[in-house]
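Kindly return the folded structure for what I paste below:
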Amino acid sequence: MKKLNFEKVKKKVQAHLSQWINGPKLPCASVLVYQENQGFYREEFGFSDVSNKTTLKGDALFRLASMSKPITAVAALILISRGLLSLDDTIDK
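Reported below is the predicted structural model:
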């Protein structure tokens, strides 16, 4: 796997999120990029409480609501790519 460039990742994430953070739809974001099973880049943006200007901290809890479906799909794809799961497997397996 190609090594990520820390400064390029940071610059791109900051540039992209600066367009969205503190707007009416996205008050905050927490970004974590992993490479080779290690945290590579982590940063929090915006406010956990906009009205009180409380800065988002790294240990903040987020409600994911129906976000479990895409997370489960990504986990399944990872297992498939590693040969640990097949789309033809039965549920009981």
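
For the residue nearest to Thr55 when sequence neighbours are not counted, what is the enclosing helix or strand?
With C-beta to C-beta, 6 or more residues apart in numbering as the criterion, Thr55 has its nearest non-adjacent residue at 6.1 Å, and that residue is Phe47. Where C-beta positions appear, they are placed from N, C-alpha and C, glycine not excepted. If you go by DSSP states H and E, Phe47 is part of strand 38-49.

who are the neighbours of that strand, in terms of helices and strands?
Applying 3 or more C-beta pairs under 8 Å, 6 or more residues apart in numbering; DSSP states H and E, one finds that strand 38-49 contacts helix 6-18, strand 28-35, strand 54-55.

right, and the ones you listed - which one's nearest Ala76?
strand 28-35 (18.1 Å; C-beta to C-beta).

Contacts for that closest one, please.
Strand 28-35 has contacts (C-beta atoms under 8 Å, 6 or more residues apart in numbering) with 1, 3-4, 9, 13, 17, 20-21, 39-48, 56, 58, 60, 62.
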